[in-house]
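A.B. asks: this one's structure only:
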């Protein structure tokens, strides 16, 4: 499960070992100034139900109903991608809406999404 922390003026996303393998990438950083909205999401795997063909995978892996980890286009090639890291056993997650960043949003599974909301409030 990805972890989120604040470091200076950055939001730091650290991927688990499995997620690093699934995305063929490591973690990444986002400027805190880019965060526009943070919300708790119940059963986040349902948020990516039907990911294809409505959304296109740029990198990572997608197994319907099981896992979505990587960058996905939200609606077209001109849109910024969303970064998603959720699995079927994630009961809760967090959606972080971004502006002026590499990704349009982050959707991450979390054991304690309320703590992330407070961290970024």
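C.D. replies: Received, thanks. A quick note: this is a predicted structure, and the numbers were derived from the prediction, not measured.
A.B. asks: please make it C-alpha for all contacts and neighbour counts, starting now.
C.D. replies: Noted.
A.B. asks: just the strands in this protein please.
C.D. replies: 3-7, 10-14, 28-31, 35-42, 57-63, 67-73, 81-87, 92-98, 105-109 (DSSP state E).
A.B. asks: tabulate those in a markdown table, adding columns for mean neighbour count, mean pLDDT and distance to residue 119.
C.D. replies: Shown next, in a markdown table, are these (neighbours: other CA atoms under 10 Å; pLDDT from 0 to 100; distance: least, CA to CA, whole Å):
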| stretch | mean neighbour count | mean pLDDT | distance to residue 119 |
| --- | --- | --- | --- |
| strand 3-7 | 15 | 92 | 8 |
| strand 10-14 | 18 | 94 | 10 |
| strand 28-31 | 16 | 93 | 14 |
| strand 35-42 | 18 | 95 | 10 |
| strand 57-63 | 17 | 81 | 27 |
| strand 67-73 | 24 | 87 | 23 |
| strand 81-87 | 26 | 91 | 19 |
| strand 92-98 | 22 | 95 | 12 |
| strand 105-109 | 25 | 94 | 15 |
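A.B. asks: which one of the ones you listed lies nearest to residue 22?
C.D. replies: Nearest to residue 22 among those is strand 57-63 (5.5 Å), distances taken as CA to CA.
A.B. asks: adjacent strands (with direction) for that closest one?
C.D. replies: Next to strand 57-63 in the sheet, as set by DSSP bridges, lie strand 67-73 (antiparallel).
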